[in-house]
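Participant: my questions are about this predicted structure, shown below with the sequence.
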Number of protein chains: 2
Amino acid sequence: MTEKLKISRTDDAYERLRAEIRTNSLSPGYQAPEAEYAMRLGMSRTPVREALIRLEAEGLVELKPRRGARVLPIKAEDMQEIYELLKAIEPEAAAELAQRGLEDADRRALQKALDGMRVALAAKDLDAWAKADDQYHVSLLEAAGNQRRKAFVMHLYDQAHRARIITLRLREMPEKSTEEHAQILDLLCRGEADKVRVVFREHRERAARELLGILDTFRLQQL
Amino acid sequence: MTEKLKISRTDDAYERLRAEIRTNSLSPGYQAPEAEYAMRLGMSRTPVREALIRLEAEGLVELKPRRGARVLPIKAEDMQEIYELLKAIEPEAAAELAQRGLEDADRRALQKALDGMRVALAAKDLDAWAKADDQYHVSLLEAAGNQRRKAFVMHLYDQAHRARIITLRLREMPEKSTEEHAQILDLLCRGEADKVRVVFREHRERAARELLGILDTFRLQQL
DNA sequence: GAACGCGTCAATGTATGCATTAAAAAATTT
DNA sequence: AAATTTTTTAATGCATACATTGACGCGTTC
């Protein structure tokens, strides 16, 4: 009895394109006319067009009149922008959450994600680690409430996803990061709003610094 | 020689609908089938549909399958969410800007907006005041850089616009607010990053408190 | 050989038609 | 009269057609 309500072609196109972009299966900078996307997806231009409009609104694609849809590459400055925003938003969300105190379910969700990170780390499975990391952050956003915040941050993650996956492989295992997550969870549980804000912010600052450093040393102009 | 490059119907529909929603000329909660919007705008469903998809992505409209497009009403919780985000984002932008030091052009833009607020205040012209206020915040975002931040904050403004306009009329003249803007500009010029962050944050906190208070006392469940 | 004009082509922007299907209304049963 | 089934209606989701128009190549002019 799997929830199998029929999905519209527009939604299907949206999901598939988004997935392809995230996984780099559609390379950054790839550009093609609508008709081509439509053919690849096996549907007419109409739903593809609608999906592309959404993807454009979410910053994954650029619709250039008469030249087709282009998968937006991520440059260092983009990552800069994204981290700047995350740095402002997420620590604040964490602080609010700590202030209010977290539900049991929320704590469990965060703990589970954290466990996932540790297991992945031990197994040196970076994809699993990235997934658990995502899960952690999403759980935190959900626990903190604020639909708009969650939606927006998730769009930022989407944009940054490719770069994160790639750079993750160009450095040592994210042990430090994992433990920072543990520390944040601990502070959340203890309701240390101010402290969690500071720690989270430092966490993001370090992550940004590292990531930008990698992009620089490896001369990765764009991903 | 007015910039009159031809605008597509889709863009036209988007602009017009957005304007109608912002100005309350399309009331919150208004719901109609695509065909009706299309007729009112004098075009076929296709471009209207595309415009509606964008408006949905920006949080102004909800597309309910088979029931038409609904202009989203703003409730107190929505304003809560929006101010929570502004509180996290804008002070940080201001702090960055102060840190970096502002260009002369930026300073002038901010000063001009501030003057506009003062003039409007003296003339008791609330619409003009709101416009100058917007101008101030937009100038600040532009000066601070970060495209994504600017775009996102502007979408938040769009969502909140109706409520702000209405509540503005239900309270005394925004003198305090105007002077806070002056203070912020002053701190920006002097490069007082930490101080400007604090002051701006307090500014937003006060604004949120006032606005929510008004919604409450006037029993405005939704706008 | 650079600049310009022109014709071709391809891609979009938009209108339109129609099958599908959720919702509403009507009819029927209990 | 309530519940259930059937019928009708209306709105969408999508495909398709086509006019428009920017991009590009080619030849012509200076």
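Facilitator: Nice, I can see it. Numbers count the residues shown, from 1 in each chain, chains lettered A, B, ... in the order given.
Participant: just want the most central residue of chain A.
Facilitator: When C-alpha atoms, centre = their mean is applied to chain A, the residue found nearest the centroid is A:Tyr157 (2.2 Å).
Participant: wait, that one touches A:Asp134, no?
Facilitator: Yes: counting by C-beta atoms under 8 Å, A:Asp134 is a contact partner of A:Tyr157 at 6.8 Å. The C-beta positions use only the backbone N, C-alpha and C, and glycine is treated the same way.
Participant: near DNA strand C, which residues of chain A? Just list them.
Facilitator: A:6, A:33-35, A:45-46, A:49, A:63, A:65-69 (C-beta under 7 Å from any atom of the strand).
Participant: A:Leu85 - how many residues pack around it?
Facilitator: 22 (other C-beta atoms under 10 Å in any protein chain shown).
Participant: figure out the helix or strand that it lives in.
Facilitator: Per DSSP states H and E: A:Leu85 is located in helix A:76-100.
Participant: can you pull the contacts of the residue nearest to the centre of chain A?
Facilitator: A:134, A:137 (C-beta atoms under 8 Å, 6 or more residues apart in numbering or on different chains).
Participant: relative to A:Glu84, how far out is it?
Facilitator: As judged by C-beta to C-beta, to the nearest Å, A:Tyr157 and A:Glu84 stand 14 Å apart.
Participant: with A:Cys189 instead?
Facilitator: With distances taken as C-beta to C-beta, A:Cys189 is found 28 Å from A:Glu84.
Participant: which of these two has more neighbours?
Facilitator: Remark: of A:Cys189 and A:Glu84, A:Glu84 carries more neighbours, 21 against 16, as counted by other C-beta under 10 Å.
Participant: if we can go back for a sec, now render the residues of chain A next to DNA strand C as CSV, adding distance to A:Arg22.
Facilitator: Shown next, in CSV, are those (distance: C-beta to C-beta, whole Å):
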residue, distance to A:Arg22
A:Lys6, 24
A:Pro33, 22
A:Glu34, 21
A:Ala35, 23
A:Arg45, 23
A:Thr46, 24
A:Arg49, 21
A:Leu63, 19
A:Pro65, 26
A:Arg66, 27
A:Arg67, 23
A:Gly68, 20
A:Ala69, 16
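Participant: show me those residues that map onto strands.
Facilitator: Counting by DSSP state E, those place A:63, A:68-69 in strands.
Participant: what parts of chain A come near DNA strand D?
Facilitator: Counting by C-beta under 7 Å from any atom of the strand, chain A sits next to DNA strand D at A:8-12, A:43-47, A:65-67.
Participant: please redo it, this time with the cut-off set to 10 Å
Facilitator: A:6-14, A:34-35, A:38, A:41-51, A:64-67 (C-beta under 10 Å from any atom of the strand).
Participant: buried subset of those as a ChimeraX selection?
Facilitator: The ChimeraX selection below is limited to those of the residues of chain A next to DNA strand D classed as buried (16 or more other C-beta atoms under 10 Å in any protein chain shown):
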select /A:9,10,12,13,14,34,38,41,43,46,47,48,49,50,51
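Participant: in helices, which of the residues of chain A next to DNA strand D fall?
Facilitator: A:9-14, A:34-35, A:38, A:41, A:45-51 (DSSP state H).
Participant: from the residues you listed, which are also near chain B?
Facilitator: Contacts with chain B within those, as defined by C-beta under 8 Å from any C-beta of the partner chain: A:49-50.
Participant: got the domain ranges for chain A?
Facilitator: A:9-71, A:76-217 (automatic domain parsing).
Participant: could you export these as CSV, including mean pLDDT?
Facilitator: Formatted as CSV, the domains of chain A follow (pLDDT from 0 to 100):
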stretch, mean pLDDT
domain A:9-71, 95
domain A:76-217, 95
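Participant: output these in TSV; the columns should cover distance to B:Ala143.
Facilitator: Putting the domains of chain A into TSV (distance: least, C-beta to C-beta, whole Å) gives the following:
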stretch	distance to B:Ala143
domain A:9-71	22
domain A:76-217	14
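Participant: can you say which of the ones you listed is nearest to B:Arg18?
Facilitator: Among these, the nearest to B:Arg18 by C-beta to C-beta is domain A:9-71 (13.2 Å).
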